[in-house]
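J.: Output the structure for:
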Amino acid sequence: MQLVDLAAEFGLDVLVDGIQGHLSSFDFYPEWTRSWHHRNVFTDPEAVAAQATLLRTLGRALTGRSNLIGLQLGNELNNLVEHNPVTVAEVDHYLDTLLAAAREGLGDGVGLVTHSAYDAAWYGDDHPFTPEASARKGDLTTVHPWVFSGDCARRYGPRSPQVRHLAEYGTELAEAYAVGPARPVWVQETGAPEPHVPAADAPDFARATLLNAADCAQLWGVTWWCSHDVDRALADFPELEYTLGLFDSAGRPKPIAHALAETVAQLRGRRTVPVRETALVLDCTPATRAVSGPGGAFFEAWTSLRATGVRPAIVLAERAGDEGHLAARGIRELIRPSAGSPSTPPPPHGG
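T.: Presented below is the predicted three-dimensional model:
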């Protein structure tokens, strides 16, 4: 609580993670799961109940703080599945249980209650954390479109449209899986990790990432990872973690910091974003989810279309014939990547 209050003194809003999960390439577990009697954090009833108690208690303690964005279950909790085997149904039960506990702690209408997952939830075949769980549970959807996912920057190049539109793509993909068209999406983590994005390219990458993401009507916000470089006196971090900051380890702003500040100032005057009337149809199953990730056929079709100047939304194949869904999103034209040709959806009832 003291840290949240200190942040308020400096004009900083705070989203608090309850069960830390993953941070700078290290996994953090509740201490009661790490002793000789290891507990599966997702499935052990006592471990889940303890996490729920922690979130309720934390929520009650945080209530009333004006700089509180909300309470998140933990950062990229799906990083923990390697050592905590879990099924899709068990993940859903886990998320539902802890989200309810967090909301009970904060109280109705107080802050956001959410969760986050790294990109395997969107791109990983048969990964137990699903796109539906990310896009339909909690108060908003969080995405973490890192350019090293699927080796995106090395595959296509740091100046490629695939890299510079990645956050925009992730936001539109999240919108496709949402139940309704008004679901907000938070680009909660993005950054310019070296050597995937060389330092010389970082300012232009930052500008493009922010401007392209802001072209999504459902975007709630963007948070950049991270504020400061890690001092090299601190050992045992992966190499890319040392230079991710907007400021160097002595607190001096880097060129990317100036680029972001200028772009934010440019965006503050924007009020509306045009509707995306063209949509690309995504047809995949849990076992073929990789088609929507870097290197996948659907990802390449979307980014190729975007590079021509088209602003494509994304529609799931099972919703391509849903007139109400298409009308609610303002979609007038569908493109099916396999066919390569557009089709016009039927007009909404009464139109």
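J.: CA atoms for contacts and neighbours, from now on please.
T.: Fine.
J.: for the stretch 201-350 of the chain, which spans come out with low pLDDT?
T.: Along the stretch 201-350 of the chain, the model assigns pLDDT under 70 to residues 338-350.
J.: need the strands for it, in chain order.
T.: For the stretch 201-350 of the chain, the strands defined by DSSP state E, counting those that start in this stretch occupy 219-224, 278-282, 313-316, 333-336, 341-343.
J.: Columns distance to R207 and mean neighbour count on top of those strands, output as JSON lines?
T.: Below are the strands of the stretch 201-350 of the chain laid out as JSON lines (distance: least, C-alpha to C-alpha, whole Å; neighbours: other C-alpha atoms under 10 Å):
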{"stretch": "strand 219-224", "distance to R207": "12", "mean neighbour count": "17"}
{"stretch": "strand 278-282", "distance to R207": "25", "mean neighbour count": "24"}
{"stretch": "strand 313-316", "distance to R207": "21", "mean neighbour count": "24"}
{"stretch": "strand 333-336", "distance to R207": "29", "mean neighbour count": "20"}
{"stretch": "strand 341-343", "distance to R207": "31", "mean neighbour count": "12"}
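J.: which ones are touching C216?
T.: Applying C-alpha atoms under 8 Å, 6 or more residues apart in numbering, we find C216 in contact with 168, 171-172, 273.
J.: Show me which of those is closest to I331.
T.: E172 (13.0 Å; C-alpha to C-alpha).
J.: Nearest residue to the middle of this protein?
T.: Closest residue to the average C-alpha location of the chain: V143 at 0.8 Å, with C-alpha atoms, centre = their mean.
J.: contacting residues for it?
T.: Contact analysis of V143 by C-alpha under 8 Å, 6+ apart lists 116-119, 170-171, 174, 185-189.
J.: Most neighbours out of those residues, which is it?
T.: Using other C-alpha atoms under 10 Å as the neighbour criterion, T171 leads the contacts of V143 with 30 neighbours.
J.: between the helix or strand encompassing that residue and strand 278-282, how many degrees?
T.: Under the criterion of DSSP states H and E, T171 resides in helix 166-177. Taking axes from the mean of the first three to the mean of the last three C-alpha atoms, to 10 degrees, one finds helix 166-177 and strand 278-282 inclined to each other by 70 degrees.
J.: Sitting in strands, which of the contacts of V143 do you find?
T.: Counting by DSSP state E, the members of the contacts of V143 that fall within strands are 185-189.
J.: Could I get those residues in CSV, plus columns for pLDDT and distance to L54?
T.: Output for the ones in strands among the contacts of V143, formatted as CSV (pLDDT from 0 to 100; distance: C-alpha to C-alpha, whole Å):
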residue, pLDDT, distance to L54
V185, 98, 26
W186, 98, 25
V187, 98, 26
Q188, 97, 23
E189, 96, 25
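J.: now, which of those residues sits nearest A135?
T.: Distance to A135 across the ones in strands among the contacts of V143 (C-alpha to C-alpha) is lowest for V185, with 8.5 Å.
J.: what's that closest one in contact with, if anything?
T.: Shown in contact with V185 (C-alpha under 8 Å, 6+ apart): 140-143, 171, 174-175, 218-221.
J.: Kindly recompute the last result at 6 Å.
T.: Residues in contact with V185 (C-alpha atoms under 6 Å, 6 or more residues apart in numbering) are 140-142, 218-220.
J.: Next, give me the two most distant ones among the residues you listed.
T.: The distance between the two most remote of the contacts of V185 (C-alpha to C-alpha) is 11.8 Å, for T142 and Q218.
J.: What residue spans form the domains of this protein?
T.: 2-267, 278-343 (automatic domain parsing).
J.: and the last one, how far from the chain's centre?
T.: Using C-alpha atoms, centre = their mean, to the nearest Å, the mean C-alpha position of domain 278-343 is found 19 Å from that of the whole chain.
J.: Number the chain from 34, please
T.: Taking 34 as the first residue, the last one we looked at is domain 311-376.
J.: Which residue ranges of the stretch 84-233 of the chain form strands?
T.: Under DSSP E, counting those that start in this stretch, the stretch 84-233 of the chain gives strands at 101-105, 145-147, 174-176, 218-223.
J.: The last one pairs with which strands?
T.: This points to strand 218-223. strand 174-176 (parallel), strand 252-257 (parallel) (DSSP bridges).
J.: How many neighbouring residues does A266 have?
T.: Using other C-alpha under 10 Å, A266 has 6 neighbouring residues.
J.: So it versus E351, what's the distance?
T.: A266 sits 52 Å away from E351, going by C-alpha to C-alpha, to the nearest Å.
J.: ok, what's across the strand from the residue nearest to the centre of the chain?
T.: V220.
J.: can you count the residues close to the residue nearest to D262 when sequence neighbours are not counted?
T.: Nearest residue to D262, sequence neighbours excluded (C-alpha to C-alpha, 6 or more residues apart in numbering): G278, at 4.2 Å. Applying other C-alpha under 10 Å, we find 23 residues neighbouring G278.
J.: The one 4 residues further on too?
T.: Summarising burial for S282: neighbours were counted as other C-alpha under 10 Å, giving 16.
J.: so it touches C259, yeah?
T.: No: in this structure, S282 is not within contact of C259 by C-alpha atoms under 6 Å, at 11.5 Å.
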